[in-house]
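K.L.:
this one's sequence-less:
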Ligand code: DC
């Protein structure tokens, strides 16, 4: 079974996807971490994420087994990831790994932006998690504050809106719900409520 979980930044898709993987005993892949790793590699080498050549080189030499999550969570790396993700060659370079991961037995949950549309269009279950930009900014702000950073709320909101705009408007694999996705608006839901709705949906797909 493959479960695709897509959605905009800070919608709670990572938390939901991890919880679904635990619930169904499936492998889990955070595909955003791949793009973040590419963005981080370019930044660490003193390069510019807009430089297609540098981004492609980083994508082609990416070692997914070397990804350390704690290096990837800053806003600067998220922004760089969103920039390199516009590049179609970078996207193609990361596709094989994602598709091979999705075929692992007994199945996998992948979270990202284009899992249900491009990476795994045949996924048995597709969930598009969303929430208003304000709610997502509030969650991201609290998360950053918890980690000791004290960002300005307005700056976090502006960053989320800029990232949404870039992810939605790019020509290749833009952030849009698959035609057959279940859209889950988590704005007014707790984590547990969102998980319960997602499980109820997946159960209908298993039955069908
Ligand atoms: O989910 P995230 O915030 O870690 O993703 C960081 C960026 O990576 C996001 O702004 C766009 C890009 N991304 C993508 O284009 N496709 C994916 N499947 C996952 C992430």
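P.N.:
Looks like it came in fine. Since this is a predicted model, take the numbers as computed values, not measurements.

K.L.:
Just the element for the nearest residue to residue 137 once chain neighbours are set aside, please.
P.N.:
If the residues on either side of it in the chain are set aside, residue 137 comes closest to residue 157, at 3.9 Å by CB to CB, 6 or more residues apart in numbering. For glycine as for every other residue, the C-beta is placed from the backbone atoms N, C-alpha and C. The secondary structure element spanning residue 157 is helix 153-169 (assigned by DSSP states H and E).

K.L.:
If we go by neighbour counts, what in that helix is buried?
P.N.:
For helix 153-169, the neighbour count (16 or more other CB atoms under 10 Å) marks 156, 157, 159, 160, 161, 163, 164, 166, 167 as buried.

K.L.:
ok, so of those, who is nearest residue 13?
P.N.:
Minimum separation from residue 13 among the buried residues of helix 153-169 (CB to CB) is found for residue 167, which lies at 12.5 Å.

K.L.:
For the closest residue to the closest one other than its chain neighbours, grab the count of nearby residues.
P.N.:
With CB to CB, 6+ apart as the criterion, residue 167 has its nearest non-adjacent residue at 4.1 Å, and that residue is residue 175. By other CB atoms under 10 Å, 23 other residues sit near residue 175.

K.L.:
same question, residue 151
P.N.:
Neighbours of residue 151 (other CB under 10 Å): 13.

K.L.:
Distance check, the nearest residue to it once chain neighbours are set aside against residue 160.
P.N.:
Taking CB to CB, 6+ apart as the measure, residue 151 lies nearest to residue 144, with 5.1 Å between them; neighbours along the chain are not counted. Relative to residue 160, residue 144 is positioned 12 Å away (criterion: CB to CB, to the nearest Å).

K.L.:
quick revisit: which of the buried residues of helix 153-169 come close to the ligand?
P.N.:
Among those, the ones lying close to the ligand by the criterion of CB under 6 Å from any ligand atom are 163, 167.
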